[in-house]
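Student: Following is a predicted model, sequence given first.
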2 protein chains.
Amino acid sequence: MFENLIKNFKSYVHFNEEELVFFLSLFEFRVIKKDKKLLQVGQVCNYVSYINNGLMRYSHVIDNTEHTVAFFPENMWVSDYGSFLVRKPSDIAIEALEDTELFLLSYDAVQRAYEKNKVFERFGRIMAERLFLNLVDGASDMRQKSPETRYMELIENHPQIINSVPLKYIASYLGITPESFSRIRKRISTRS
Amino acid sequence: MFENLIKNFKSYVHFNEEELVFFLSLFEFRVIKKDKKLLQVGQVCNYVSYINNGLMRYSHVIDNTEHTVAFFPENMWVSDYGSFLVRKPSDIAIEALEDTELFLLSYDAVQRAYEKNKVFERFGRIMAERLFLNLVDGASDMRQKSPETRYMELIENHPQIINSVPLKYIASYLGITPESFSRIRKRISTRS
């Protein structure tokens, strides 16, 4: 059951048996049904969640228009980490695009782990560093890459997203209208 | 000499005497003269630096135009933390706007601290979390706040910047032309 989660831990740190058992005992398991939300705008984000299976979408509203910020397929962590850290209401919504299995780690559970042992501090440090790097790279991509390039990278990195995500969400993620997105898709399919 | 630096540490974690002495021993002291660079575009950022005194500017070049990303007055940490973490060349330049005294912590020194003791892992975690939160807030400010509001906040938070930074750098930081910036300043001075 915890197979993928344990594999994911290893990309951060090495846990010994005792640390692993303790850490796993802190997680809760939950299924979020398709179109249901893990986090609503205005809620404090109380969990970091590992996606064992499924697909989630991260969105926010600016000037009454909803924007898709990111997609999270299986084996990724999802949260509004800013809201989680500062304990303030989120301006983000996180919803399931298909039935999604999650392992959740609550804010309190994370603090218990930090108190327990150095290795969990290291885990938290590396997670924060990666989130920081993701933000830097994401901002630089938005600045420097065309919507077409970002679409090609999305296909390459997460091919499953293309088949399961409504096209309007992908267009919104690319920051373009559904019509422009349709032209890009036509151009790409002619090429291949 | 280390007075402000030690005060800064306390906003992150509590060090006991032994931890404090060890941590301070890892720092190097350096003065960067006005208009000289701490980091050049294309260099790997090898330090996180605490500004004991002075003022620095963070800039990058897009489409042959230089943009001012941020100002760092005394008692702040400065680095290209992305380049520092991943050991890749920076696309950022960091220069002194006046003679600036720094306490520098090298990449190797940071790794030594992480190996030594849990409290340094915690320090590193909280630093990464704050950098993450700064990026989130900065992006949200750019999206949601007018240049005028951002200027008023800059005056309020760092009044010393207004007196010592060339106006063209402030205009670039606000993302507007020097002419628009001049209009904003006129409007504000009429009001007050």
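Tutor: Cool, got the structure.
Student: switch to C-alpha atoms for all contacts and neighbour counts from now on
Tutor: Fine.
Student: tell me the contacts of residue A:47?
Tutor: With contact taken as CA atoms under 8 Å, 6 or more residues apart in numbering or on different chains, residue A:47 is in contact with A:79, A:84, A:104, A:105, A:106, A:107.
Student: can you map out the strands along chain A?
Tutor: For chain A, the strands defined by DSSP state E cover A:28-32, A:37-39, A:47-53, A:55-62, A:65-73, A:77-78, A:92-96, A:100-106.
Student: Residue A:164: how many residues sit nearby?
Tutor: Counted by other CA atoms under 10 Å in any protein chain shown, the residues lying close to residue A:164 total 11.
Student: So which bits of the top helix by length along chain A are buried?
Tutor: The helix that spans the most residues within chain A, counting by DSSP state H, is helix A:118-144. Judged by neighbour count using 16 or more other CA atoms under 10 Å in any protein chain shown, the buried positions of helix A:118-144 are A:118-133, A:135-136.
Student: got the angle for that helix vs strand A:65-73?
Tutor: Calculated by axes from the mean of the first three to the mean of the last three CA atoms, to 10 degrees, helix A:118-144 forms an angle of 130 degrees with strand A:65-73.
Student: Do any residues in helix A:118-144 lie close to chain B?
Tutor: Yes - looking at helix A:118-144 against chain B by CA under 8 Å from any CA of the partner chain, the contacts come from A:118, A:121-122, A:124-126, A:128-129, A:131-133, A:135-136.
Student: need these in a markdown table with pLDDT, can you?
Tutor: Putting the residues of helix A:118-144 next to chain B into a markdown table (pLDDT from 0 to 100) gives the following:
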| residue | pLDDT |
| --- | --- |
| A:118 | 94 |
| A:121 | 97 |
| A:122 | 97 |
| A:124 | 96 |
| A:125 | 97 |
| A:126 | 96 |
| A:128 | 95 |
| A:129 | 96 |
| A:131 | 93 |
| A:132 | 93 |
| A:133 | 94 |
| A:135 | 87 |
| A:136 | 86 |
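Student: And for the residue in chain A that chain B sits nearest to, nearest residue in space, chain neighbours not counted?
Tutor: Closest residue of chain A to chain B, CA to the nearest CA: residue A:125 (3.8 Å). Leaving aside its chain neighbours, residue A:125 sits nearest to residue B:125 (3.8 Å; criterion: CA to CA, 6 or more residues apart in numbering or on different chains).
Student: before we move on, the earlier item: narrow the contacts of residue A:47 to those that are buried.
Tutor: Counted by 16+ other CA under 10 Å, these give A:79, A:84, A:104, A:105, A:106 as buried.
Student: So which residues on chain A come close to chain B?
Tutor: Proximity of chain A to chain B, by CA under 8 Å from any CA, involves residues A:82, A:85, A:117-118, A:121-122, A:124-126, A:128-129, A:131-133, A:135-136.
Student: Recalculate using a threshold of 7 Å.
Tutor: Remark: the part of chain A in contact with chain B comprises A:82, A:118, A:121, A:122, A:124, A:125, A:128, A:129, A:131, A:132, A:133, using CA under 7 Å from any CA of the partner chain.
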